[in-house]
Every structure is written in C-alpha cells, then in structure tokens.
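[1] can you look at this prediction? I've put the sequence above it.
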Amino acid sequence: MKRLVLTMILLCVVLILSGQERKPTIMVVPSDVWCNQNGYMITFDNQGAQQKVPDYKTALQSDADLLLVIGAINTLMADRSFPLKNLESVLKSIEQRNIEDNVTVSKTSGAELAESMLDRLRRTAKADIIMQITWTVNTMGPKKSVTYNLQGIDSYTDKQIAGAQGTGAPSFAAEIPVLLQEAVLTHMDNFCFQLQSYFDDLVDKGREISLDIRVFDAGEMDLETEFNGMELTEIIDEWMSANTVNHVFNKAEATENFIQYEQVRIPLYKTNGAIMDAESFVRNLRNYLRQDYKIQSKVMARGLGRAILVIGE
C-alpha cells in the first residue's frame, strides 16, 4: 500500500513538472527608429566611421511616455507569465558596476573593438528575447490613435522571431500608453505564441551562436600544428561535435590561422542551471585545450551570441 501511495505521489510530481512550461526571458526596449526620430541617439567614432547608437538612459529620463509604454508592455508579458528584465534597472546596473569599457584594445595588435550599448545590455540582462517597440501618434481632429510595430529579436542572433503591427482605435481622451496597450492587446496572444514556439525549438535543438578561432602571427603554433598525430583544427572540430546539441555546427571558413564556425547549436543552460551563452561555451573549449594540450588561449566575448578564442595569448 505504501509503495502504491509513493508511486502515485511521484507520478503527480512528474505531471506537475512536465506541465510547467519554461518561458523565455524578455526585455523591452525602444527601437533604433523611435530613438532616432525622437533625438535620443549618440554619435561616436568607430575606427574612423561615424556611428549612431541609441541613448536609452537619456530617453528614459526625458520621455515619460516611454517609461509608461515599457511598463504597459511589461505588464502584458507578466500577465502571460513571461520572466522580465527591466531596461531601466539593467542600465543602472551597467552604470554602477562599470562592467566594461566602451572600447577594448588588444594588447598585441592595438586594434580597437567597439561594442554597442545594446550588446552590453544583452550581456548584462542575459534576456533571451529583446522586444523592440516603435510607435507613432496619429491625430485626426480631436481624436488620436497609435500605430505600432512590435518585434521579437533573438538576443543571440539578432534574428526577428516574432512580430505584430497595427493601428489602434481612435480615442478622444486616452493617453498614449493606454492607446498603445489597447492596440497591442489585440495581437499579443499570437505574438506570445510565436515567442514560445521559437523558444521551445531552442530547447529541443539548442541555441544558435557563432565562434571564431584566431591565432596570433607571433605565436609558435597555428591551427595545423599537430598533437599526437592530429592537427589542432581537427582537435577543435572533434570537441565541437561532442559538445554541440545534436552535433550541429557549420564550419564556414578555415585556414591555418583562422576558423569561423556559424550556426553553432549550444545547450540553453549549463549543468548548474545557469544560462549558457557564447562566452561560457567557448571558455569550456579554452579549458579543454589548456588541460589536455597545454595550449594557452584567450576568450573575447562579442555580445551574447558571438565569441572569439585567440590561441597564443
């Protein structure tokens, strides 16, 4: 009798756990278009080229509607049980901890590698999906309506994986955040279904990243150097096959000094349950090469979905 009761309890636990669907983490940000149209951009010199990036901090401090709009979208997502990262809180975290400089300089070549604010946001928040919102206010006499474009962007690949667009019903008195919330609500369930379907696919097939392997010119080895009868490039290929989900990766380009891997499918989570990103994955490769072949290397992260392993530094 006791065994039967225990079996029933275990069965109930399994059923409960299987019914708890894991959802992607979301962060809502204004789109580049909206920031540019409203004057919230910063221009900087990126290796001689003028580049504009969104100034999220100024936008949040200056535009009350933006804060309310993000809050309204967050509420809609929270009502559907999606975990959220708040843009304002993440910005404060970046500022307080000063987790990295705007420009990283290589000790060897002196080359500068710029990283955008959105990349830093992604690395700090580690949100699975970035929801970009763009809206314009339409005035028709005393009435106003809102036309919006909502995009779900994979933080790791920059691919759009969900979308919703439309124009809400005109109103005499409603405020912009309310108009936008009402307009978005019509398509929100389908939008969330697209997000969840994409995330479920990642759980089954792995998250997609890209990885570069580089060798310094001054190094004593290259990717054709042999270890126990195998070239270094073959050793790395074997490790990639053993550690990617379903052995899925694409070796797009390879020379004696450079390998480019694309469409690399990695697990969503580490063995301890923490989120796996490109940097974490490549650190595992670095540790393997150091422990088994005494090869020194350096990992450089470029956002959540791309990392560089430099052999010899």
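    Here it is on my side, so go on.
[2] what about the helices in the stretch 51-200 of the chain?
    56-62, 64-79, 87-97, 117-125, 176-205 (DSSP state H, counting those that start in this stretch).
[3] most neighbours per residue, which of the ones you listed?
    helix 117-125 (a mean of 21; mean count of other C-beta atoms under 10 Å). All C-beta atoms are positioned from the backbone trio N, CA, C, and that covers glycine.
[4] where does pLDDT dip in the stretch 151-300 of the chain?
    217-219 (pLDDT under 70).
[5] sorry, wrong one. I was asking about the stretch 1-150 of the chain.
    1-21, 46, 96-118.
[6] of all the helices of the stretch 51-200 of the chain, which one is nearest residue 216?
    For residue 216, the closest of the helices of the stretch 51-200 of the chain is helix 117-125, at 24.3 Å, according to C-beta to C-beta.
[7] TSV for the helices of the stretch 51-200 of the chain, including distance to residue 43?
    Below are the helices of the stretch 51-200 of the chain laid out as TSV (distance: least, C-beta to C-beta, whole Å):
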stretch	distance to residue 43
helix 56-62	13
helix 64-79	20
helix 87-97	19
helix 117-125	13
helix 176-205	28
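[8] out of the ones you listed, nearest to residue 260?
    helix 117-125 (19.2 Å).
[9] what angle do the closest one and helix 87-97 make?
    90 degrees (axes from the mean of the first three to the mean of the last three C-alpha atoms, to 10 degrees).
[10] hmm, who's touching helix 117-125?
    Applying C-beta atoms under 8 Å, 6 or more residues apart in numbering, the external contacts of helix 117-125 come out as 25, 27, 29, 53-56, 85, 87, 90-91, 93-94, 99-100, 130, 155, 277, 301-304.
[11] what sits against the residue nearest to the spatial centre of the chain?
    The geometric centre of the chain, computed from its C-alpha atoms, lies nearest to residue 155 (C-alpha atoms, centre = their mean), at 2.2 Å. The contact partners of residue 155, by C-beta under 8 Å, 6+ apart, come to 122, 126, 127, 128, 129, 130, 303, 304, 305.
[12] of these, which is the nearest to residue 176?
    residue 130 (21.8 Å).
[13] the strand or helix carrying residue 279 packs against which elements?
    Assigned by DSSP states H and E, residue 279 belongs to helix 278-293. Helix 278-293 is packed against strand 207-215, helix 232-243, strand 258-266, strand 297-301, strand 306-311, with contacts defined by 3 or more C-beta pairs under 8 Å, 6 or more residues apart in numbering; DSSP states H and E.
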